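Enquirer: need the 3D shape of this:
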Amino acid sequence: MNSQPFPRAVPSDSAGTQLRLIRRQAGLSQLDLALISGISQRHLSCIETGRATPGTGTLHNLLMALQAPLEQCNNVFLAAGYAPRYQATPLASPSMQAIHEAIQHVLHANNPAPAIVLDSQWQVLAANASTQVLFDLVGLTPDSAQGLNLLVTLLQPGGLGDHLINACEIRRVAWQRAAREALDNRELAHLLKQLPAPAMPEVLSDELPPLVMTRVNSQQGELNFLSTFTTFGMPQDVTVNALRIEHLIPADPHTWHTMRRAYEQASQ
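Expert: Here you go, the predicted structure:
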């Protein structure tokens, strides 16, 4: 890739300013980042204050040490006067065949528990058969989860959120997570502005469970799920970096039995 400087586009903040912000958001001191990246603290300080111009190799090293999202990395490269380093390859591209097959394998292996693939705007790109089974159990009507936006169906009336026993809790968690992600995602920030913000609690419970469960009101009674995420390790493409697979793991024997029986019936 051509690493020669070219006229600066966006963003307006300098590369050093952005690096300092990313470092602080990561909770690292200059000394911490210097130790992780192998760059001297003095040189790092000069980069952050604009007294030194980093090369592409130094920028890459610092951003990887900070585990910054690749879209954010591209912004830093642009601000430094370099071409964006990371491409956003369409998921349907032949070069993404291995990624596509890995996703399908994970989705299928998760049956009879639901699993969905989300992009950086919370759009559902793919889902396994058990996701439709769960929709049928709660009485949702979409022919397929693919094409839905998870944030929209959780927050807007008439969506999945209306079928959750702890809807207020799940909506708050989803809103807060999306709001954090929207700090560096203009499309997601625009979507959030169009959605109703959930009410915040006046009083918190003194007893907290190990994690927040998704509690669903279904035709077979209450179904409880634990939520986990799968992401790709060491991504070098914006599309791959944004992908995440959410797994809803049944949290009790009744939920396991209900999902397994419904999945087997749907598969016949």
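
Enquirer: what about the helices in the stretch 101-250 of the chain?
Expert: Here the stretch 101-250 of the chain has its helices, by DSSP state H, counting those that start in this stretch, at 129-138, 150-155, 167-182, 186-193, 238-242.

Enquirer: helices and strands around the first one, which ones?
Expert: The reference is to helix 129-138. strand 115-118, strand 214-218, helix 253-267 (3 or more C-beta pairs under 8 Å, 6 or more residues apart in numbering; DSSP states H and E). To be clear about C-beta, it is placed using only N, CA and C from the backbone, and glycine gets the same treatment.

Enquirer: partner strands of the first one, parallel or antiparallel?
Expert: If you go by DSSP bridges, strand 115-118 pairs up with strand 124-127 (antiparallel), strand 244-250 (antiparallel).

Enquirer: as PDB, could you dump the C-alpha coordinates of that strand?
Expert: The C-alpha trace of strand 115-118 is given here as PDB (Å, rounded to 0.1, in the frame of the first residue of the first chain):
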ATOM      1  CA  ALA A 115     -27.400 -17.200  17.400                       C
ATOM      2  CA  ILE A 116     -27.300 -14.100  15.200                       C
ATOM      3  CA  VAL A 117     -24.500 -12.200  13.300                       C
ATOM      4  CA  LEU A 118     -24.500  -8.500  13.800                       C
END
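
Enquirer: can I assume Ala145 is in contact with Gln132?
Expert: Yes: between Ala145 and Gln132 there is a contact under C-beta atoms under 8 Å: 6.5 Å.

Enquirer: which one's more surrounded, these two?
Expert: Ala145 (23 against 20; other C-beta atoms under 10 Å).

Enquirer: now do the more buried one against Ala126, distance only.
Expert: As for Ala145, its distance to Ala126 is 8 Å (criterion: C-beta to C-beta, to the nearest Å).

Enquirer: find the residues that touch each one of the two.
Expert: Ile116 (C-beta atoms under 8 Å, 6 or more residues apart in numbering).

Enquirer: now this protein, which segments are flagged as low pLDDT?
Expert: 1-12, 143-144, 204-205 (pLDDT under 70).

Enquirer: next, the residue sitting furthest away from the middle of it: secondary structure please.
Expert: Residue farthest from the centre of the chain, counting by C-alpha atoms, centre = their mean, is Arg51 at 34.8 Å. Assigned state for Arg51: coil (three-state reduction, DSSP: H, G, I helix; E, B strand; the rest coil).

Enquirer: Ala34 versus that one, what's the distance?
Expert: Computed as C-beta to C-beta, the Arg51 to Ala34 distance reads 16 Å.

Enquirer: try Gly16
Expert: 15 Å.

Enquirer: out of the two, which sits in the busier spot?
Expert: Gly16 (22 against 19).

Enquirer: excluding sequence neighbours, find me the nearest residue to that one.
Expert: Nearest non-adjacent residue to Gly16, counting by C-beta to C-beta, 6 or more residues apart in numbering: Glu48, 4.4 Å away.

Enquirer: what helix or strand does the one you found sit in?
Expert: helix 41-49 (DSSP states H and E).

Enquirer: any chance of JSON lines for the helices of the stretch 101-250 of the chain, columns distance to His254?
Expert: As requested, the helices of the stretch 101-250 of the chain are exported to JSON lines (distance: least, C-beta to C-beta, whole Å):
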{"stretch": "helix 129-138", "distance to His254": "12"}
{"stretch": "helix 150-155", "distance to His254": "23"}
{"stretch": "helix 167-182", "distance to His254": "20"}
{"stretch": "helix 186-193", "distance to His254": "35"}
{"stretch": "helix 238-242", "distance to His254": "35"}
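
Enquirer: for Phe225, find the nearest of the ones you listed.
Expert: Ranking these by proximity to Phe225 (C-beta to C-beta) places helix 129-138 first, at 8.7 Å.
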